[in-house]
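In: what shape does this take:
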Amino acid sequence: MASELDAMAVAVPVASAVVAEMAKGGWATLRGALARFFRRDGEPAVERQLELLDTAERTLAEAAEEDRDEVRGRLERRLVVQLAAYLDRYPNMSEELAALLPTAQDGPLDGEGRSLTAQNNTYSQIVQAFGDVSAGSGGINYGVPPRDPRA
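Out: All right, here's what the predicted structure looks like:
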């Protein structure tokens, strides 16, 4: 029973992170890492696993906005089962799967030892805050400066 719980403890956060990347459009980057993870089953099985994940990513991308949360939840639950089953067959792979997650920065929020890890964020904005973020009575705007037409 302990090994099943260990597999779930690793599979749940990884599945959540993978689905979040799919929702943000970062699946292509994560795909290679998962292919390396699934390698123990051999090339045909790896391709089948990735084919299922590719289909799931397309389903999520094509889902209507009002259905996206439901589709995302179903995908996450399915991926948890898929990853936990794999870890049940290969329990020594849990550390490798856990390595797919960004590392957490532990410690007090006193300003010492803080760091920011931003992965797979092409064309996106990253906000780092160690307290309240407030725009007051205005707003927070994100944009890029206009291009110089002479360039």
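
In: I'd like to know which helix or strand in the protein has the lowest mean pLDDT.
Out: helix 2-24 (a mean of 80; mean pLDDT, DSSP states H and E).

In: so, low pLDDT: which residues of the protein?
Out: 1-5, 102-149, 151 (pLDDT under 70).

In: any idea how far D41 lies from M93?
Out: 11 Å (C-beta to C-beta, to the nearest Å). Any C-beta I mention is one placed from the backbone N, CA and C, and that applies to glycine too.

In: name the residues contacting each of those two.
Out: Residues touching both D41 and M93 (C-beta atoms under 8 Å, 6 or more residues apart in numbering): Y86.

In: more neighbours: which of the two?
Out: Using other C-beta atoms under 10 Å as the criterion, D41 and M93 rank with M93 on top: 18 against 14.

In: helix, strand, or coil at that one?
Out: Three-state assignment for M93 (DSSP: H, G, I helix; E, B strand; the rest coil): helix.

In: excluding chain neighbours, what is closest to it?
Out: L87 (6.1 Å; C-beta to C-beta, 6 or more residues apart in numbering).

In: element containing the one you found, please.
Out: Per DSSP states H and E: L87 is located in helix 68-89.

In: circling back: what is the burial count for the residue nearest to M93?
Out: Using other C-beta under 10 Å, L87 has 24 other residues around it.

In: test my guess that it contacts S94.
Out: Yes: when contacts are counted by C-beta atoms under 8 Å, L87 is listed as touching S94 (5.5 Å).
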